[in-house]
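Asks: I need the structure of the sequence given here:
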Amino acid sequence: MSAILIAILAVAAISLAVRPLFQLEQVPARADATIDPNVENLLSAREATYAAIKDLETDHAMGKLSNADYQNLRAKYEGKALTILQQLDAAQFASRGRVEHRVAISSESCVQCGAPLIAGAKFCRVCGTSVASVCASCGASTVAGAKFCRQCGKPVAALQPA
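Replies: This next block holds a predicted model:
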């Protein structure tokens, strides 16, 4: 009788242990979880480049690479990583533009890079260019690219950089 009880407990324990192996993986469905394939590819390339830099450092530390080879390869991978990061920033900015977000964006764009400006911003959030100007007549802050001062109506020619 005790042998049967032990066998039943053993089967129950094994079935509980093996059960997760036979279940399908359930991925939580989220409406905002859609990722642009271009961004996904860039993220993969970024991680691969970071891994290559880490391997390069390991090889150099172990003496497998000379200092000259290490410096050349390091510069190459850093340049590649920089390019990927710039493309990733641009792709994420573009995909953010397609998705509705809560930041109030004005109808004006940066004169340097063309990115949409956040209402009331003093600098472009993409390139860092100063977008605020001060009216020479009334001293009101005015967004660069405006044709007239919003406060007094003077033409753009009367505006002075902030």
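Asks: could I get the full set of helices for the chain?
Replies: For the chain, helices defined by DSSP state H occupy the ranges 2-22, 37-61, 67-98.
Asks: any chance of the ones you listed in TSV, plus distance to Pro155?
Replies: For glycine as for every other residue, the C-beta is placed from the backbone atoms N, C-alpha and C. Below are these laid out as TSV (distance: least, C-beta to C-beta, whole Å):
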stretch	distance to Pro155
helix 2-22	71
helix 37-61	42
helix 67-98	31
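Asks: in CSV: these, plus mean pLDDT.
Replies: Below are the helices of the chain laid out as CSV (pLDDT from 0 to 100):
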stretch, mean pLDDT
helix 2-22, 83
helix 37-61, 90
helix 67-98, 84
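Asks: save these as JSON lines, and put in distance to Thr129 and mean neighbour count too.
Replies: JSON lines is the format used below for the helices of the chain (distance: least, C-beta to C-beta, whole Å; neighbours: other C-beta atoms under 10 Å):
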{"stretch": "helix 2-22", "distance to Thr129": "54", "mean neighbour count": "9"}
{"stretch": "helix 37-61", "distance to Thr129": "25", "mean neighbour count": "14"}
{"stretch": "helix 67-98", "distance to Thr129": "15", "mean neighbour count": "13"}
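Asks: so which of those comes closest to Val111?
Replies: helix 67-98 (17.2 Å; C-beta to C-beta).
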